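J.: Structure of the sequence below:
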Amino acid sequence: MSEQSDQPKPVSINTGDEMSRGRYSNSLLVSHTPEEFILDWILNSPGGASLVSRIIVSPGHMKRIVSALKDNLEKYEERLGEIKAIKQGDKTFH
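T.: Got it, this is the predicted structure:
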């Protein structure tokens, strides 16, 4: 008889070098329809804004993403201290 564990099993994800390096984004645009959420990750730089990645998810998955982000943000701040959000202001480069 085997015992079941409450611990999630690790997931193996295969990826190429380009994807595993990741992308930097300093802005996010979110839009939605009744069927999907569209997340456009943007890089604002002195040369202008560029689309880094577009992710399209279902409303149910979006809710799980928001919950996971909230949980991880709380854990981060418990461990490393409160993150100070800067005010929305001048976004130009000097």
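
J.: Which residue would you name as the spatial centre of the protein?
T.: With distances taken as C-alpha atoms, centre = their mean, residue 69 lies nearest the centre of the chain, 7.4 Å away.

J.: From the chain's centroid, how far away is whichever strand or helix holds that residue?
T.: Per DSSP states H and E: residue 69 is located in helix 59-80. Put simply, helix 59-80 sits 10 Å off its chain's centre (C-alpha atoms, centre = their mean, to the nearest Å).

J.: how about that helix: buried residues?
T.: Using 16 or more other C-beta atoms under 10 Å as the test for burial, helix 59-80 gives residue 62. The way it works is simple: take the backbone N, C-alpha and C, and place the C-beta from them, glycine included.

J.: for stretch 49-63, what is the average pLDDT?
T.: For stretch 49-63, mean pLDDT is 97.

J.: Repeat that for stretch 87-94.
T.: Mean pLDDT, computed over stretch 87-94, is 65.

J.: Strands of the protein, start to end?
T.: For the chain, the strands defined by DSSP state E cover 27-32, 37-45, 48-57.

J.: how about those, which one is nearest residue 83?
T.: Residue 83 lies closest to strand 27-32 among those, at 16.0 Å (C-beta to C-beta).

J.: just the angle between the closest one and strand 48-57, please?
T.: Taking axes from the mean of the first three to the mean of the last three C-alpha atoms, to 10 degrees, one finds strand 27-32 and strand 48-57 inclined to each other by 40 degrees.
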